[in-house]
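Visitor: what's the 3D shape of this:
(one chain, ligands or ions: 1)
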Amino acid sequence: MARSINNKFYTNNKNALFNNISDANWNDYNWQLKNQITLPEKLAHFFKFDDADFGDFKKTSRIFRFAVTPYFLSLINFENKNDPLLLQIFPDEKELSKEPSLTIDPFSEEKRSPVKNLIKRYPDRAVVLATEKCASYCRYCTRKRNWKNNFTLSDEDLSNIVQYLRNNKNIREIVLSGGDALILLPEKLDRILSALYSVDSIEVVRIGTRTLSFLPQKIDRPLIETLKKYKPLWIITHFNHPNEFTSDTEKAIDLLLEAKVSLANQSVLLKNVNDNSDTMKNLLQTLEYCQIKPYYLFQCDLVEGTKHFRTSIEKGLDIMKDVRGNIGGLCIPTYVVDLPDGGKVPLLPEYLIKATSNNLIFKNYEGKMFNYPNL
Ligand code: SF4
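Guide: Model prediction:
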């Protein structure tokens, strides 16, 4: 039997909360964005939260923006104050706490920006920031410092970026990020992609996006016609939990596949959201089922105010070990920690126990030992 990927709360919640909204409006991303819920107290009233649950969430939302689409709101279990989707988007006063090792710009991106809205951490790649906007806002976001700077990449900044890229021919790959680059109007995205691909040394553009989780309605025909013009183009999705999939997600993925883009997913390991083997297995198998290759599972970045989201690396390794033993290799992402000054390093459970000149001893996923010739 085919896997069902439809979030089980979606239909009931949509009917209960947005019963008078026509399907045409619901499926229109403009309607979804115009009707974003931007006051957390509206959710608090609905979910019957109080200060004991999330502390002074109103103050938190004044410092770090809150917004959620009606669509994503409809995926949350209203009976559960610890719903894994709710925890990702609802402001919590713990975000305002300070820890010496957590900073607001853990990768010093501000200092690694040789030209406005471009970040360079690696010799052959660069990140271009298209906008600070997203359809909803993740509380653990690495770039939440940018939420206060309303911006969409201007034509002048884009032209400066292109000039920089022409002068730095070792950069062959661009990660178009933000915020969420797919939130832009297709004409704007078209101008950006066209400018980036006009640089001879740029071979590949990847677009990082969470619209498939927050606003799959944004993946519409005009966007697809724009994406179809560019090759090779990767769309890097961001799903953290199996409940983030619906029939609307499936439609959006089908459209992207029609545009012949390649799809891969990045997830963040988050406490009480996906830090257990069953949830992670379900997420990874759902991604495979949807033809999205699980690419990275990130240890949560060292961002200020994320201590309550952090899961230990030991626990992450245990989850990966369990996952690796129980599902196919195509479903397995690389579990990585992104070192502030050292880039991404993979985290692997220890499988090679001992090596001699003629023999290797491996421990498999069940903990059993095996000899293998060292030829
Ligand atoms: S969608 Fe991405 S950029 Fe936007 S808030 Fe979430 S993690 Fe940050």
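Visitor: So Leu297 is in contact with Tyr335, correct?
Guide: Yes. Using C-beta atoms under 8 Å, Leu297 makes contact with Tyr335 at a distance of 4.7 Å. C-beta: built from backbone N, CA, C; applies to glycine.
Visitor: Need the overlap of contacts for those two.
Guide: The contact sets of Leu297 and Tyr335 overlap at 269, 316, 320 (C-beta atoms under 8 Å, 6 or more residues apart in numbering).
Visitor: show me what contacts the first one?
Guide: The reference is to Leu269. 275, 297-300, 311, 316, 319, 335 are the contacts of Leu269 under C-beta under 8 Å, 6+ apart.
Visitor: Include distance to the ligand, pLDDT and neighbour count when you put the residues you listed into CSV, please.
Guide: What follows is the contacts of Leu269, written out as CSV (distance: C-beta to the nearest ligand atom, whole Å; pLDDT from 0 to 100; neighbours: other C-beta atoms under 10 Å):
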residue, distance to the ligand, pLDDT, neighbour count
Asp275, 17, 98, 20
Leu297, 14, 98, 25
Phe298, 10, 97, 22
Gln299, 15, 95, 21
Cys300, 11, 96, 21
Thr311, 17, 95, 19
Gly316, 18, 95, 22
Ile319, 21, 95, 23
Tyr335, 18, 95, 23
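Visitor: Include secondary structure when you put those into CSV, please.
Guide: Shown next, in CSV, are the contacts of Leu269 (DSSP: H, G, I helix; E, B strand; the rest coil):
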residue, secondary structure
Asp275, coil
Leu297, strand
Phe298, strand
Gln299, strand
Cys300, coil
Thr311, coil
Gly316, helix
Ile319, helix
Tyr335, strand
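Visitor: Export those as CSV, with columns for distance to Gly178.
Guide: Formatted as CSV, these follow (distance: C-beta to C-beta, whole Å):
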residue, distance to Gly178
Asp275, 26
Leu297, 21
Phe298, 17
Gln299, 22
Cys300, 19
Thr311, 26
Gly316, 26
Ile319, 29
Tyr335, 25
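Visitor: Is Glu366 within a helix or a strand, and which one?
Guide: Taking DSSP states H and E as the definition, one finds Glu366 inside no helix or strand.
Visitor: what sits up against the host helix or strand of Asn12?
Guide: Asn12 belongs to helix 10-17 when assigned by DSSP H and E. Identification of contacts with helix 10-17 by C-beta under 8 Å, 6+ apart yields 26, 70, 73-76, 78, 246.
Visitor: Widest-spaced pair of these?
Guide: Spatial extent of these (C-beta to C-beta) is set by the pair Trp26 and Phe78 at 18.5 Å.
Visitor: can you count the residues close to Phe49?
Guide: 17 (other C-beta atoms under 10 Å).
Visitor: hang on, the earlier thing: now tell me which of the contacts of helix 10-17 the prediction trusts least.
Guide: In terms of pLDDT, Phe78 ranks lowest among those, with 85.
Visitor: Looking at the closest residue to that residue other than its chain neighbours now. What's its pLDDT?
Guide: Nearest residue to Phe78, sequence neighbours excluded (C-beta to C-beta, 6 or more residues apart in numbering): Phe47, at 5.9 Å. pLDDT, Phe47: 76.
Visitor: pretty sure Phe47 contacts Lys81?
Guide: Yes. Assessed by C-beta under 8 Å, Phe47 is found in contact with Lys81 at 6.5 Å.
Visitor: who's more crowded, these two?
Guide: Phe47 (20 against 16).
Visitor: Strands along the stretch 201-350 of the chain, start to end?
Guide: In the stretch 201-350 of the chain, the segments counted as strands under DSSP state E, counting those that start in this stretch are 204-208, 233-237, 262-269, 293-299, 334-339, 343-346.
Visitor: Given the shortest one, what are its sheet partners and their directions?
Guide: Strand 343-346 has its sheet partners listed here by DSSP bridges as strand 334-339 (antiparallel).
Visitor: Give the buried residues for the strand it pairs with.
Guide: Neighbour counts using 16 or more other C-beta atoms under 10 Å place 335-338 of strand 334-339 among the buried residues.
Visitor: which one of those is nearest the ligand?
Guide: If you rank the buried residues of strand 334-339 by distance to the ligand using C-beta to the nearest ligand atom, Asp338 comes first, at 13.3 Å.
Visitor: residues in the stretch 1-150 of the chain within reach of the ligand, list them.
Guide: Residues of the stretch 1-150 of the chain lying close to the ligand by C-beta under 6 Å from any ligand atom are 134, 137-138, 141, 143.
Visitor: Dump those to a markdown table, plus distance to Val162.
Guide: Converted to a markdown table, these look like this (distance: C-beta to C-beta, whole Å):
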| residue | distance to Val162 |
| --- | --- |
| Cys134 | 25 |
| Tyr137 | 29 |
| Cys138 | 30 |
| Cys141 | 27 |
| Arg143 | 22 |
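Visitor: Could you tell me which of these belong to strands?
Guide: Within these, no residue falls in strands by DSSP state E.
Visitor: Make a markdown table out of those residues and add neighbour count.
Guide: Below are these laid out as a markdown table (neighbours: other C-beta atoms under 10 Å):
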| residue | neighbour count |
| --- | --- |
| Cys134 | 23 |
| Tyr137 | 23 |
| Cys138 | 19 |
| Cys141 | 20 |
| Arg143 | 21 |
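Visitor: contacting residues around Leu96?
Guide: Contacts for Leu96 were tallied using C-beta under 8 Å, 6+ apart; they are 59-60, 63, 305.
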